[in-house]
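Please find the sequence and the predicted model below.
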Amino acid sequence: MKLSALLVTLSSIAAFAQDAAAAQPEQPGALASFLPLILLFVVMWLFFIRPKQKEMKQMDEMRKQLKKGDKVMTAAGIIGTIASMEENIITLRTGTSTIEFEKAAILRVINNDTSAKVEEKK
């Protein structure tokens, strides 16, 4: 009796497994499984990477256009006037002292005509 009950149970489990396998839909293709990851990368590129690249290009262009006499602010917050320029070294005059900075430390140009335009817009 135990053997027959075991056979009936095993056959019903096998039949249930076959029904479950037939009811499952087909697996998606490789492209469909990677599609969310691809979309995530595209969104990150559009909202994070691309704007940062544009900003870096603008900063490089601004640094190329620096000239002696420009009033600038460094990344450390020091404001001064460019006294001399070499290839990568800029000497700033701040009051009575002069300080040397690397060109990459210049954050923005603060000329009097630029600040006047900003005040006019307000």
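Right, received. Where do you want to start?

what's the burial count for Thr96?
5 (other CB atoms under 10 Å). (C-beta placed from N, C-alpha, C; glycine too.)

check contacts around it.
Under the criterion of CB atoms under 8 Å, 6 or more residues apart in numbering, Thr96 has no neighbours.

if I look at it, how far off is Gly80?
11 Å (CB to CB, to the nearest Å).

okay, now the domains of this protein?
Domain assignment for the chain, taken from automatic domain parsing, gives 28-65, 66-122.

quick one: average confidence on the last one?
This means domain 66-122. Domain 66-122 carries an average pLDDT of 84.

And the helices in the chain, which stretches?
Ranges of helices in the chain, per DSSP state H, are 2-23, 30-44, 50-64, 112-121.

rank the ones you listed by pLDDT, which is bottom?
Of all the helices of the chain, the minimum mean pLDDT falls on helix 112-121 (a mean of 51).
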